[in-house]
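S.K.: build me a model:
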Amino acid sequence: MANERETRLKDPMQEVLDPLQFHQGGADLGAVVPAGQTGMARAGGFTTGMQGDIITAQRVGVPRNMSRILANMKALARAAGKEYVYGWEVNDRKNNRKVWIEGPTITLANDLAREYMNCQVDCRVMDEGKHWVFYARFVDLETGFTMVRAYQQRKGQDTGMKDDQRSLDMVFQIGQSKAIRNVVVNALRSLVNYCVEEAKNSLLDKVGKNPDGARKWIQQQLKELAIDQKRVEALYGRTAEHWTVPDMARIYTELQSIIDGMMNAEDVYPVPQKEEADRKREDSNPLAGNQGQGVGTAGNGAPAGGAETPAGEPPKTDGAHTPGKPPGEVMDNADATLGGGTKPAADPAPAKKAAGKKKANLFGGDA
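M.R.: Below is the predicted model of the structure:
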């Protein structure tokens with residue numbers, strides 16, 4: 001007996017209970033790993049250090065009720081709508097196509113972890129110089145299930161802020177939120193998918209019941225985020241007045257991804273190539289903005305200071321014109337289903353740009 005006592009005092013990882021008794025559920029709350037499993041814990045010293053203590057199944061005061069969890073999350077998803085879902089379109093260069101990416105937000109992950117009950121979520125970080133590595137852990141206290149997900153966050157992510165220190169703080173918070181969201185989403189995938197679908201259905205219902213209000217909200221958010229509305233119109237191939245319910249539902253999720261720091265506005269709504277080329281040309285030529293004002297050359301290409309366009313010859317222009325009233329167009333199946341009726345189409349110029357990259361509409365049909 002004395003030898004056994006001395007052995008246990010020397011080895012704090014050894015469990016007082018017999019290993020068989022432990023596996024049969026005889027361990028009390030907070031029991032450590034049985035003697036037969038200590039080798040595994042020691043072998044992964046770094047891993048256990050980042051993950052914390054090994055936690056096994058425990059008795060809880062209020063057991064989990066899945067029916068109640070589903071009912072609560074459905075109510076929350078219906079109320080949250082856009083705050084539960086983010087999404088944006090990316091280029092699939094391998095297959096030369098556009099791909100829509102969507103997922104749950106950190107708000108959904110936090111709400112689900114709370115409503116799931118009897119679980120633990122924590123996050124630890126390591127500074128690797130140019131980036132941080134966040135180790136987020138999810139533990140189900142009822143079953144003992146543990147999952148750890150690592151997330152690498154680069155420090156140089158563009159946040160649009162001029163203050164470098166505040167920008168660094170913001171990037172750190174973004175990385176931490178992404179790590180926590182990732183581990184909760186992977187640990188509770190089925191419940192997350194359920195919540196995302198409920199949130200999308202709720203968003204469609206809200207936009208469909210008040211499309212004018214949704215349009216005004218989008219336009220207001222674009223102003224606050226300093227995003228030119230024309231960039232959004234060019235991406236969707238129609239002006240704001242002609243956005244359909246599925247269009248606005250998708251724009252809601254795109255804006256949410258920008259607000260949450262998941263994406264930059266330039267990546268979601270790229271600047272049209274012509275505007276980008278003009279901007280670069282102006283940046284490289286400081287006199288470009290003064291043309292026609294007595295500096296350099298006149299606006300029609302003649303030398304400044306009196307030279308005029310020859311009589312009978314129309315002045316040179318840059319191709320700008322006053323757009324006329326857009327022609328009418330019958331909406332496609334998705335528009336007719338969720339929007340109803342027919343609406344005039346947008347200016348054909350942006351529509352022509354978007355013709356080659358028809359968007360697979362996340363919220364039903366093609367946009």
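
S.K.: those helices in the stretch 51-200 of the chain, which residues are they?
M.R.: Using DSSP state H, counting those that start in this stretch, the helices of the stretch 51-200 of the chain run over 66-80, 106-116, 164-187, 189-209.

S.K.: pick the most buried one from those.
M.R.: Burial of the helices of the stretch 51-200 of the chain is given as mean neighbour count (mean count of other C-beta atoms under 10 Å); helix 106-116 ranks first at a mean of 20. To be clear about C-beta, it is placed using only N, CA and C from the backbone, and glycine gets the same treatment.

S.K.: can you show me the CA trace of that helix as CSV?
M.R.: Extracted C-alpha coordinates of helix 106-116, given in CSV (Å, rounded to 0.1, in the frame of the first residue of the first chain):
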residue,chain,number,x,y,z
ILE,A,106,-19.6,34.9,-35.5
THR,A,107,-22.9,36.1,-34.2
LEU,A,108,-24.5,32.8,-35.1
ALA,A,109,-21.6,30.9,-33.6
ASN,A,110,-21.8,32.7,-30.3
ASP,A,111,-25.6,32.3,-30.1
LEU,A,112,-25.4,28.6,-30.9
ALA,A,113,-22.7,27.9,-28.3
ARG,A,114,-24.8,29.6,-25.7
GLU,A,115,-28.0,27.8,-26.6
TYR,A,116,-26.3,24.4,-27.0
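
S.K.: before we move on, back to that, nearest to residue 145, of the helices of the stretch 51-200 of the chain?
M.R.: Closest to residue 145 of these, according to C-beta to C-beta: helix 164-187, at 7.4 Å.

S.K.: strands of the stretch 151-300 of the chain, start to end?
M.R.: In the stretch 151-300 of the chain, no strands are defined using DSSP state E, counting those that start in this stretch.

S.K.: pLDDT below threshold where in it?
M.R.: 273-300 (pLDDT under 70).

S.K.: change it to 80
M.R.: 160, 262, 272-300 (pLDDT under 80).

S.K.: quick one: which of the helices of the stretch 51-200 of the chain is nearest residue 60?
M.R.: helix 106-116 (12.1 Å).

S.K.: which helices and strands does the closest one pack with?
M.R.: Helix 106-116 is packed against helix 66-80, helix 164-187, helix 189-209, with contacts defined by 3 or more C-beta pairs under 8 Å, 6 or more residues apart in numbering; DSSP states H and E.

S.K.: break this protein down into its structural domains.
M.R.: With domains defined by automatic domain parsing, the chain comprises 2-43, 57-202, 210-278+325-367.

S.K.: re the thing from before, any chance of CSV for the helices of the stretch 51-200 of the chain, columns distance to residue 90?
M.R.: Output for those, formatted as CSV (distance: least, C-beta to C-beta, whole Å):
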stretch, distance to residue 90
helix 66-80, 25
helix 106-116, 20
helix 164-187, 17
helix 189-209, 18
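
S.K.: for residue 123, find the nearest of the ones you listed.
M.R.: helix 164-187 (5.5 Å).

S.K.: quick one: that closest one to helix 189-209, angle?
M.R.: Between the axis of helix 164-187 and that of helix 189-209 there is an angle of 110 degrees, by axes from the mean of the first three to the mean of the last three C-alpha atoms, to 10 degrees.

S.K.: for helix 164-187, name the packing helices and strands.
M.R.: Using 3+ C-beta pairs under 8 Å, 6+ apart: helix 164-187 touches strand 97-104, helix 106-116, strand 119-127, strand 131-140, strand 146-154.

S.K.: what pairs with the third one, parallel or antiparallel?
M.R.: Just to be clear, that refers to strand 119-127. strand 131-140 (antiparallel) (DSSP bridges).
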